[in-house]
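A.B. asks: I would like the atomic coordinates for the input below:
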Amino acid sequence: MVIKVDTQLPVVTALDPQARRPVQGEQSLQRQRKQLPAEPAPPPRGKSATFNLQLNQQLTSMQAADSYLGELAGRLGQLKLSLSRELSNAQAGERDGIKRELEQVRKLLAERSQRSGETLDASFKLRLSEPVRSRFSLQGLDSIAAVQQAGKETLLFSAGRKLAEPLAVVLDEGLSEQQILRRFNAGLGPAGIRAEVDHGGALKFSARESEWQQLKGELRVQGEGKLASQAQAAVVSHEEQMLRLPEAARLDGARELRRALDEVVAALDRIGTLREQLSHRQEEIRDFLARHADHNEREWAKDFAGEVFSLMRRSPSSYAAVTQTVVAQANISRSSVVSLLS
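C.D. replies: The predicted structure is shown next:
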């Protein structure tokens with residue numbers, strides 16, 4: 001499975017570091033401004049990259065995801081060690097410890113969404129620009145070819161009180177792959193379920209993780225005897241997950257232990273790769289914000305000085321006043337002003 005990291009910089013609203021509360025000395029200057037003829041407003045400055053709020057939010061989310069992945073890797077590393085010892089000793093001495101470690105890992109996996117800042121899905125793919133979605137297959141509807149062979153059939157989906165009314169997916173003879181997807185998306189869209197075809201040609205569905213957790217236990221389907229039975233029946237779904245841990249009671253032989261160890265090792269490899277990608281992405285964002293922050297400091301200082309001297313040219317002034325202004329500006333940094341006004 002390829003672990004993907006969203007690397008696109010989205011278009012977002014930037015923070016405006018020039019927005020300041022007027023201090024006492026500025027209030028009189030502002031009153032003088034109001035008495036002067038209005039001047040054309042300067043063109044708006046570019047805000048697309050200055051103190052980008054969404055990039056800061058993404059950075060925070062990635063830090064939460066990395067922290068969670070680090071803790072999970074630690075738990076899996078301990079489980080790997082215990083499984084290896086059990087295999088090498090061929091004794092049941094480690095069995096109780098393995099059971100405890102399995103439960104700890106399961107608990108941590110169940111907390112994935114909350115602990116990772118809702119940025120990691122069950123396949124451990126990073127989702128920064130959209131809500132985390134669950135991807136799953138539905139038994140009997142896991143193949144485009146099977147749907148095409150079934151031909152004409154109407155599927156009615158219901159979910160008790162979770163859906164206001166049944167949802168109908170109307171299928172006909174001779175539908176293409178794209179037409180089948182459109183029929184499912186039109187029918188199941190009100191429930192937030194989206195149909196897609198994976199790289200292997202299998203029919204997959206997805207929904208927002210929080211909504212699917214409430215819906216999946218209630219979802220039922222009724223068909224015409226081809227894709228679904230004529231009697232309403234519960235929908236059997238299979239969710240995609242990065243790691244499927246066996247029950248401790250099933251680890252009663254070397255074969256099962258070896259299979260569990262292989263799963264843990266593969267998961268550790270994927271987590272390591274994802275953490276490297278996260279680290280690289282965080283450095284990119286920090287560099288991006290630092291470059292534009294430095295540029296904004298120079299722009300702010302230039303604009304502030306221009307406004308001050310423009311105001312003084314339009315009002316009675318003296319050489320002494322100009323000198324005092326220059327000296328004061330030279331000895332105060334923007335960070336000091338911001339901290340005083342905060």
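
A.B. asks: ok now do residue 167, which residues does it touch?
C.D. replies: Residues in contact with residue 167 (CB atoms under 8 Å, 6 or more residues apart in numbering) are 156-158, 187-188, 190-191. Glycine gets a C-beta too; all of them are placed from N, C-alpha and C.

A.B. asks: ditto for residue 272
C.D. replies: Residues near residue 272 by CB under 8 Å, 6+ apart: residue 73.

A.B. asks: host element of it?
C.D. replies: Here residue 272 is covered by helix 254-313, with elements defined by DSSP states H and E.

A.B. asks: avg pLDDT for that helix?
C.D. replies: Averaging pLDDT along helix 254-313 gives 80.

A.B. asks: Could you pick out the buried ones from the contacts of residue 167?
C.D. replies: 156-158, 187-188, 191 (16 or more other CB atoms under 10 Å).

A.B. asks: Return the member of those nearest to residue 134.
C.D. replies: residue 191 (12.8 Å; CB to CB).

A.B. asks: just checking, that closest one touches residue 215?
C.D. replies: Yes. Assessed by CB atoms under 8 Å, residue 191 is found in contact with residue 215 at 6.6 Å.

A.B. asks: list the residues that contact both of those two?
C.D. replies: Going by CB under 8 Å, 6+ apart, residues that sit against residue 191 and also against residue 215 are 159, 207.

A.B. asks: those helices in the stretch 51-200 of the chain, which residues are they?
C.D. replies: 53-89, 95-110, 112-115, 144-150, 177-188 (DSSP state H, counting those that start in this stretch).

A.B. asks: ok, back up a step: got the buried ones among the contacts of residue 167 as TSV, with distance to residue 253 and pLDDT columns?
C.D. replies: Output for these, formatted as TSV (distance: CB to CB, whole Å; pLDDT from 0 to 100):
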residue	distance to residue 253	pLDDT
156	45	96
157	41	97
158	43	94
187	46	96
188	42	96
191	43	94
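
A.B. asks: and which of these is nearest to residue 67?
C.D. replies: For those, the residue nearest residue 67 by CB to CB is residue 191; the value is 33.6 Å.

A.B. asks: Could you pull up the contacting residues of the closest one?
C.D. replies: Counting by CB under 8 Å, 6+ apart, residue 191 touches 157, 159, 163, 167, 207, 215.

A.B. asks: Least confident of those residues?
C.D. replies: Within these, pLDDT is lowest for residue 163, at 90.

A.B. asks: Near that one, how many other residues are there?
C.D. replies: Residue 163 has 16 neighbours, counted by other CB atoms under 10 Å.
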